[in-house]
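# Fold the stuff below for me.
(2 chains)
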Amino acid sequence: MLINSQVLSLLLSEVNIVILMFIPFEWLHSELSNICRSLLRVKQLHAFLLKTYLSEDPFYATKILRQYAVNSDINSAHHVFDKTSDRSVYLWNSMIRAFAQSQRFFSAISLFRTMLGADISPDGHTYACVIRACADNFDYGMLRRVHGGAVAAGLGLDPVCCSALVTAYSKLGLVHEARRVFNRITEPDIVLWNSLISGYGSSGLWDVGMQMFSAMKLVGKKPDGYTLAGLLVGIVDSGVLSIGQGLHCLSQKSGLDADSHVSSLLVSFYSRCKCMDYAYRVFCSILNPDLVTWSALIMGYSQAGVFEKVLYLFRKLNIEDRKADTVLVASVLASIARTANVGLGCEVHGYALRHGLELDVRVSSALIDMYSKCGCLQLGISVFRIMPERNVVSYNSIILAFGLHGYAYEAFKVFEKMLEKGLVPDEATFSSLLSACCHGGLVKDGREIFRRMEEEFNIRPRAEHYVYMVKLLGSSGELEEAYSLIRSLPEPVDKAILGALLSCCNSRGNSELAETVAQQLFANNPTDNVYRVMLSNIYAGDGRWDDVKMLRDKITGRMRKMPGLSWIESS
DNA sequence: ACCCGACTTC
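Sure, this is the predicted structure:
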């Protein structure tokens, strides 16, 4: 029986028991089992189930609940759950999962607690779902409690539960804890092996992941797409290019390169290694690359600074009649910000508007940054004003924008507002604020915020923060204070921090301190001739030509200065 | 249903 959409709509809206007799149940099952991306259709199906009293059946109730959940209609999903009197474990699990996936962590936990009190026992999947939710919310305390609960319920060795535990502990950075869970299982299944390998991969321990990979093959387990993906995420830079190439080779031999996750990871692996030719070749070999793979390639070109390729690919995507998503548009905008071409930025903003992507946090934040870097602060502010949802990144972007344009006072005002909203500032927030102080010459506020960063917000300053502090203090003549800040740091001091002080010595004409700083730089970076050039310029300013000559003679090899180039676009 | 991918600010 062939059912086209018109017939279907008619059936769903005008159904009665007579028509029901003609509906093949295989069709109904497939309609409910496949992911339906239309909320309207889900509602029609639900109405149909209600009319035929099939909604009482926990099997159908679960199916429709899940359909509501994938369409983000969590209230309807909850309604279905409430109306079903005969609740199976699967139904409970689906509802807990629906809460967890729609970021309603506390609802998920509270439903889980209700389930513990009800006359039904949670199974491995219930615990797995709650465990995952704990990890997604970085709630270590809750994770320990749920883990304890699982052990007490006799599920401490349940394969499903343990896979989730291994992943959760790895996500919280406790890969040793994950290993302990793994070690308790005498015969791990492929999923458990994959969980541990992914855990090592995402914790930066790709070598241990490779050891586990060998161990897994020794006990006769055949790797699948998850295994390769877990290994590939760990290969982060060109230092281990050959390992990644080996995995590429392996994926081709085993046919796993057809897996969309594996192929997109191969593209991003080559991108991370700056091997864009390889990345492009892998991309071209994929039959129907999905948006994630397109994004990986576009990001690769963006990070390699090949901006014309970014735009070329974005246009190519459109020519192929594919619709970009928020992540892809945000990446393209970030790339345009670096070219400072506001015309292109406006084009992509227009694209975002036409496709209803402009209110997304990532897109909006990228727009703020793009407009401010292109010199259009006002446009960035307008975007910030209208965005419905703001996160730390959005605030960081607008703070940076104000600072960049010399409005340090506004930057601090936004910072206060951000704290009022209960958002927790991160390292980038303080980078942006310190940068604002540098642009505005606010020494006092800079010192204050630098102090608060550590004392009040528990953020240990990184090299970039010290660079800003040194620049701020040094350029306002407080060279001694800048130097004593540097001396409080453990050796070896990052060359960017010392370099910032050296450059301040240059502009303030303090050759005495410059010599001390430069000696330290020479000692730790003997091949970096830039610092010799800087010091020789300082000597030249004092007319100490003998010292200039002595330094210049030490510069071995050729130094080529890149000619300064700039361009403007005219229309 | 447990294990895998692109992500805006520094």
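
# contacts, neighbours, all on C-alpha from now
Fine.

# Tell me where the stretch 301-450 of chain A has strands.
Per DSSP state E, counting those that start in this stretch, the stretch 301-450 of chain A has no strands. Nothing in it meets that criterion.

# Tell me which residue in it sits closest to DNA strand B.
Per CA to the nearest atom of the strand, residue A:362 is where the stretch 301-450 of chain A lies closest to DNA strand B, at 3.1 Å.

# ok, how many other residues are close to the residue lying closest to that residue once chain neighbours are set aside?
Of all residues not flanking residue A:362 in the chain, residue A:330 sits nearest, at 6.0 Å (CA to CA, 6 or more residues apart in numbering). The burial count assigned to residue A:330 is 27, neighbours taken as other CA atoms under 10 Å.

# Just list the residues touching residue A:368, thanks.
A:379-381, A:383-384, A:394, A:397-398, A:401 (CA atoms under 8 Å, 6 or more residues apart in numbering).

# Filter those residues down to the buried ones.
Among these, the ones that count as buried by 16 or more other CA atoms under 10 Å are A:380-381, A:383-384, A:394, A:397-398, A:401.

# so which of those residues are also by DNA strand B?
Restricting the buried ones among the contacts of residue A:368 to those near DNA strand B by CA under 7 Å from any atom of the strand leaves A:394, A:397.

# Which members of the buried ones among the contacts of residue A:368 occur in helices, if any?
A:380-381, A:383-384, A:394, A:397-398, A:401 (DSSP state H).

# of all the residues in the stretch 201-350 of chain A, which ones are close to DNA strand B?
So the stretch 201-350 of chain A meets DNA strand B at A:225-227, A:229-230, A:233, A:259-265, A:268, A:289-293, A:295-296, A:299, A:325-328, A:330-331, A:334 (CA under 7 Å from any atom of the strand).

# pLDDT score assigned to residue A:504?
pLDDT recorded at residue A:504 is 84.

# surely it meets residue A:471?
Yes: under the criterion of CA atoms under 8 Å, residue A:504 makes contact with residue A:471 at 6.9 Å.

# quick one, which of those two is more surrounded?
Just comparing residue A:504 and residue A:471: by other CA under 10 Å the higher neighbour count belongs to residue A:471, 27 against 24.

# The residue lying closest to the more buried one once chain neighbours are set aside sits in which helix or strand?
Spatially, and ignoring its direct neighbours in sequence, residue A:471 is nearest to residue A:500 (6.0 Å; CA to CA, 6+ apart). Assigned by DSSP states H and E, residue A:500 belongs to helix A:495-508.

# Now do the helix or strand following that helix, average pLDDT.
Toward the C-terminal end, the helix or strand that comes next after helix A:495-508 (DSSP H and E) is helix A:511-524. For helix A:511-524, mean pLDDT rounds to 78.

# what's next to helix A:511-524, contact-wise?
Contacts of helix A:511-524 (CA under 8 Å, 6+ apart): A:492, A:495, A:498-499, A:501-502, A:505-506, A:528, A:531-532, A:535, A:538-539, A:542.

# Can you name the next helix or strand after it?
helix A:530-542.

# who does that next one touch, helix- and strand-wise?
If you count contacts as 3 or more CA pairs under 8 Å, 6 or more residues apart in numbering; DSSP states H and E, helix A:530-542 packs onto helix A:495-508, helix A:511-524, helix A:545-554.

# Please name the nearest non-neighbouring residue to the closest residue to DNA strand B within the stretch 1-150 of chain A.
Using CA to the nearest atom of the strand, the closest approach of the stretch 1-150 of chain A to DNA strand B is made by residue A:90 at 4.2 Å. Excluding its sequence neighbours, the residue lying closest to residue A:90 (CA to CA, 6+ apart) is residue A:62, at 7.1 Å.

# swap in residue A:531?
residue A:518 is the one closest to residue A:531 (CA to CA, 6+ apart), at 6.7 Å.

# Let me see the contact set for residue A:540.
residue A:548.

# Quick check: it vs DNA strand B, distance?
Distance, residue A:540 to DNA strand B, by CA to the nearest atom of the strand, to the nearest Å: 32 Å.

# Equivalent analysis for residue A:542, please.
The value you get for residue A:542 to DNA strand B, if CA to the nearest atom of the strand is used, is 34 Å.

# dump the residue contacts of that residue.
residue A:511.

# cool, and residue A:37?
Neighbour list for residue A:37: A:70-71 [criterion: CA under 8 Å, 6+ apart].

# now residue A:147
Residue A:147 makes contacts with A:131, A:156, A:165, as judged by CA under 8 Å, 6+ apart.

# ok, which of those also contact DNA strand B?
Within the contacts of residue A:147, nothing lies near DNA strand B by CA under 7 Å from any atom of the strand.

# picking that back up, got the phi and psi for the residue of the stretch 1-150 of chain A closest to DNA strand B?
Main-chain torsions, residue A:90, degrees, to the nearest 10: phi -60, psi -40.

# Now the residue of the stretch 451-571 of chain A found nearest DNA strand B: closest residue in space that isn't a chain neighbour?
Nearest residue of the stretch 451-571 of chain A to DNA strand B, counting by CA to the nearest atom of the strand: residue A:464, 6.5 Å away. Spatially, and ignoring its direct neighbours in sequence, residue A:464 is nearest to residue A:431 (7.1 Å; CA to CA, 6+ apart).

# these two touch, right, the one you found and residue A:463?
No: between residue A:431 and residue A:463 there is no contact under CA under 8 Å: 10.2 Å.

# quick one, which of these two is more surrounded?
Ranked by neighbour count (other CA under 10 Å), residue A:431 and residue A:463 place residue A:431 first, with 23 against 14.

# Identify the residues contacting the more buried one.
Residue A:431 is in contact with A:464-465, A:468, counting by CA under 8 Å, 6+ apart.

# which of the residues you listed count as buried?
Applying 16+ other CA under 10 Å to the contacts of residue A:431 flags A:464-465, A:468 as buried.

# Tell me the residues of the stretch 451-571 of chain A that contact DNA strand B?
Applying CA under 7 Å from any atom of the strand, one finds that the stretch 451-571 of chain A approaches DNA strand B through residue A:464.

# How many neighbouring residues does residue A:422 have?
The number of residues packed near residue A:422 is 8, by other CA under 10 Å.

# do residue A:496 as well
Neighbour tally, residue A:496, other CA under 10 Å: 14.

# what residues are up against it?
Contacts of residue A:496 by CA under 8 Å, 6+ apart are A:463, A:467.

# In what element of secondary structure is residue A:193 found?
helix A:190-202.

# How about residues contacting that helix?
A:159, A:162-164, A:166-167, A:170-171, A:175, A:178-179, A:182, A:206, A:208-210, A:212-213, A:216, A:221-223, A:226-227, A:229-235.
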